[in-house]
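Trainee: Sequence and predicted structure below; questions after.
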Amino acid sequence: MRVAIYARVSKSDQQTLPLQINQLSNYADNRNWKIVKVVKEIGSAVRKRPKREELIKQARCHEIDVIIVWKLDRWGRSVSDLISSLNEFKEIGIGFVSITEALDLTTSAGRAMAGLLAIFAEFERDLLRERVCAGLEQAKKKGVRLGRPPVAMAKANQVKKLFKKNFSKSEIARRLGIDRRSVRRILENQTD
């Protein structure tokens, strides 16, 4: 097996980088896997990680067979990002190992564990969706206007003035930077 080691640390945690690489190398050696790439990335989890993206491209090109990480949080930015990566690796036949959590997708037990992670990620998305919907409903009850601000209606007086000066609906829309349908709606609803 051709293995890529991926070690990531935050800027404040750089002393663990050698520890990660040492443990990851030992794991690969114990499995008689050949390390073909060692990727060291320093930076926060929320920033872009170009070395990680490059490693994913190499996996897609089948230049490696397995990616080994120290912990799942070293790889995934979020549960959904982690699950997305694991699903892609499964589809393209790339193994993934996180040694701290003993997650090894090269084994059937590891693949089962990844399935459970996917279920929890879906559960987390559902909970988030429910909370957002509840928050929106509460805001509606309080009279908060949701959605985009009514830009066209704020220009209703200008629309009416330009229309009285015999400008076409298309020209009015262009001049005021609003949709032609909004112009038509404003003119249809005018009471004066």
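Mentor: Noted; the coordinates are in hand. Numbering: from 1, shown residues only.

Trainee: so which strand or helix has the residue nearest the centre of the chain?
Mentor: The centroid of the chain falls nearest to Asp81 when counting by C-alpha atoms, centre = their mean (5.8 Å). Asp81 is part of helix 79-92, with elements assigned from DSSP states H and E.

Trainee: helices or strands up against the helix or strand following that helix?
Mentor: Next in sequence after helix 79-92, counting helices and strands by DSSP H and E, comes strand 95-98. For strand 95-98, the packing partners by 3 or more C-beta pairs under 8 Å, 6 or more residues apart in numbering; DSSP states H and E come out as strand 66-69, helix 72-75, helix 79-92, strand 103-104. Yep, even glycine has a C-beta here, placed from its N, CA and C like the rest.

Trainee: Name the residues that touch the shortest one?
Mentor: Identification of contacts with strand 103-104 by C-beta atoms under 8 Å, 6 or more residues apart in numbering yields Leu72, Gly95, Phe96, Val97, Ser98, Gly110, Met113, Ala114.

Trainee: Verify the stated contact: the fifth one with Val66.
Mentor: Right, the one you point to is Ser98. No: using C-beta atoms under 8 Å, Ser98 is not in contact with Val66, being 11.5 Å away.

Trainee: so what sits against both of these two?
Mentor: With C-beta under 8 Å, 6+ apart, Ser98 and Val66 have no common neighbours.

Trainee: Tell me what angle the helix ranked longest in the chain forms with helix 79-92.
Mentor: Looking across the chain with DSSP state H, the single longest helix is helix 108-141. Interaxial angle, helix 108-141 versus helix 79-92 (axes from the mean of the first three to the mean of the last three C-alpha atoms, to 10 degrees): 140 degrees.
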